[in-house]
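*Asks:* Provided below for reference: sequence and predicted model.
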Amino acid sequence: MLCIIPKIETTRRGCVTTLKILQTRSYCLQMRIQFFRVLAVMFGSFLFLGGCAHKGQRQVCQELDWYEIGRQDGAMAASEKPQRVVKAQCESSDESLAEALYNNGYDAAITESCTAQAGFDLGHSGRALVSYCPPYLRVDFEAAYGRGVRLAQIEKQHIEVSGRLLKLESLLSDKSIEVVRRGLINGEKIQLSERKQSLESEMRSLRELLGSSKF
C-alpha cells in the first residue's frame, strides 16, 4: 500500500516539525496495518466459502439415493440415455460407494426390463426391438419378443377374417342371391371359418406360453 506523506509546513521550532513528521509516519503505519487486515479477512472468507462448497458437494453426494437414480436411468435405457457419471458429483471414498450403488440400481432395472415377459409385451405393442439387454438375457428376451410380434399379427388377421365372415353372413341372408354365387360365398365362408379356427388355436398357444412363462 502506498502512503502519501502530506506536505508539512516548516516552522521555526524544530520540535513542532519533528512531531508532525512522526504523526504522519504513524498514520501511514496504521493505514498499512488496516489494509493488510482487510486482505486477511478477504482471504479467510474465500477459504471458508471454498470449504463450504466442497462440504456442500460432499453432503449432496451422500444424501442422494444413488441406487434409485441408477434404477431410473436403467429403466430409460431404451431411449439410449447414457449412464450418469457419478464422479462429477462425488469425490474420494464417496465416489466409489455412490458408483457401486448406482451401477447396482442400473443393472437391476436392465434385468427387469429384459425379462421374457417384457420382451413379449414389447413385441406385442409393435415397438422396435431394443439392443441394451445383456447377453445372458438377450436370447430369451428376443425369442419372447418374436412371439409377441406374432401374436399381434394373428390378432390383426383374426379381426380381418371375422369382419369378412360377418359380411358373408349378411350376403347369404339375402334370399334373392343367385345359387351359383351363393355357392361361392359358402365356399369362401368355409375357408375363412377354418382360417379363423387356426388363428384362434395359435393365439391360445401363445397365450398359454405367456401364462406358463415358457418362452
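*Replies:* Alright, I've got the coordinates. Here the structure is a predicted model, which is why all the values come from computation and not from measurement.
*Asks:* switch to C-alpha atoms for all contacts and neighbour counts from now on
*Replies:* Fine.
*Asks:* quick check: the spatially closest residue to Ile185 that is not a sequence neighbour vs Asp174, distance?
*Replies:* Using Cα to Cα, 6 or more residues apart in numbering and skipping residues adjacent in sequence, the residue nearest Ile185 is Leu168, 6.5 Å away. Using Cα to Cα, to the nearest Å, we find Leu168 at a distance of 10 Å from Asp174.
*Asks:* more neighbours: which of those two?
*Replies:* Leu168 (17 against 10; other Cα atoms under 10 Å).
*Asks:* element containing the residue nearest to Ile185, please.
*Replies:* Using DSSP states H and E, Leu168 falls within helix 135-172.
*Asks:* give the buried residues for the helix or strand following that helix.
*Replies:* Once the chain leaves helix 135-172, the next helix or strand it forms, by DSSP H and E, is helix 179-212. Along helix 179-212, these residues count as buried under the neighbour rule (16 or more other Cα atoms under 10 Å): 182, 185-186, 189, 192-193, 195-196, 199, 202-203, 206, 210.
*Asks:* tell me which of these has the lowest pLDDT.
*Replies:* Minimum pLDDT for the buried residues of helix 179-212 is recorded at Leu210 (73).
*Asks:* ok, it - contacts?
*Replies:* Gln117, Phe120 (Cα atoms under 8 Å, 6 or more residues apart in numbering).
*Asks:* distance check, it against Leu129.
*Replies:* 18 Å.
*Asks:* could you do Gly163 as well?
*Replies:* Separation of Gly163 from Leu129 (Cα to Cα) stands at 31 Å.
*Asks:* so between the two, which is more surrounded?
*Replies:* The residue with more neighbours, out of Gly163 and Leu129, is Leu129; 14 against 11, by other Cα under 10 Å.
*Asks:* next, that one: secondary structure please.
*Replies:* coil (DSSP: H, G, I helix; E, B strand; the rest coil).
*Asks:* quick one, phi psi at Asp65?
*Replies:* Torsion angles at Asp65 (phi, psi; degrees, to the nearest 10) stand at phi -90, psi 90.
*Asks:* could you number the chain from 33 rather than 1 from now on?
*Replies:* In the new numbering, first residue 33, that becomes Asp97.
*Asks:* could you count how many residues lie near it?
*Replies:* 13.
*Asks:* and it, what's its pLDDT?
*Replies:* 79.
*Asks:* same thing with the one 3 residues further on?
*Replies:* In this model, Glu100 is scored at 84, pLDDT.
*Asks:* mind telling me what element it is part of?
*Replies:* Secondary structure from DSSP H and E places Glu100 in helix 98-107.
*Asks:* quick one: low-confidence parts of this structure?
*Replies:* Applying pLDDT under 70 to the chain flags residues 33-92, 94-95, 109-121, 123-127, 244-247.
*Asks:* please identify the buried residues of stretch 130-147?
*Replies:* Residues of stretch 130-147 classed as buried by neighbour count (16+ other Cα under 10 Å): 130-143, 145-147.
*Asks:* C-alpha coordinates for that stretch, PDB please?
*Replies:* Extracted in PDB, the C-alpha atoms of stretch 130-147 (Å, rounded to 0.1, in the frame of the first residue of the first chain):
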ATOM      1  CA  ALA A 130     -22.100 -44.000  -4.900                       C
ATOM      2  CA  GLU A 131     -20.800 -45.500  -8.200                       C
ATOM      3  CA  ALA A 132     -21.300 -49.000  -6.800                       C
ATOM      4  CA  LEU A 133     -24.900 -48.300  -5.700                       C
ATOM      5  CA  TYR A 134     -25.700 -46.500  -9.000                       C
ATOM      6  CA  ASN A 135     -24.400 -49.400 -11.100                       C
ATOM      7  CA  ASN A 136     -26.300 -51.900  -9.000                       C
ATOM      8  CA  GLY A 137     -29.500 -50.000  -9.500                       C
ATOM      9  CA  TYR A 138     -28.900 -49.600 -13.200                       C
ATOM     10  CA  ASP A 139     -28.200 -53.300 -13.600                       C
ATOM     11  CA  ALA A 140     -31.300 -54.200 -11.600                       C
ATOM     12  CA  ALA A 141     -33.500 -52.000 -13.900                       C
ATOM     13  CA  ILE A 142     -31.900 -53.500 -17.000                       C
ATOM     14  CA  THR A 143     -32.600 -57.000 -15.700                       C
ATOM     15  CA  GLU A 144     -36.200 -56.200 -15.000                       C
ATOM     16  CA  SER A 145     -36.700 -54.700 -18.400                       C
ATOM     17  CA  CYS A 146     -35.100 -57.600 -20.200                       C
ATOM     18  CA  THR A 147     -37.300 -60.400 -18.900                       C
END
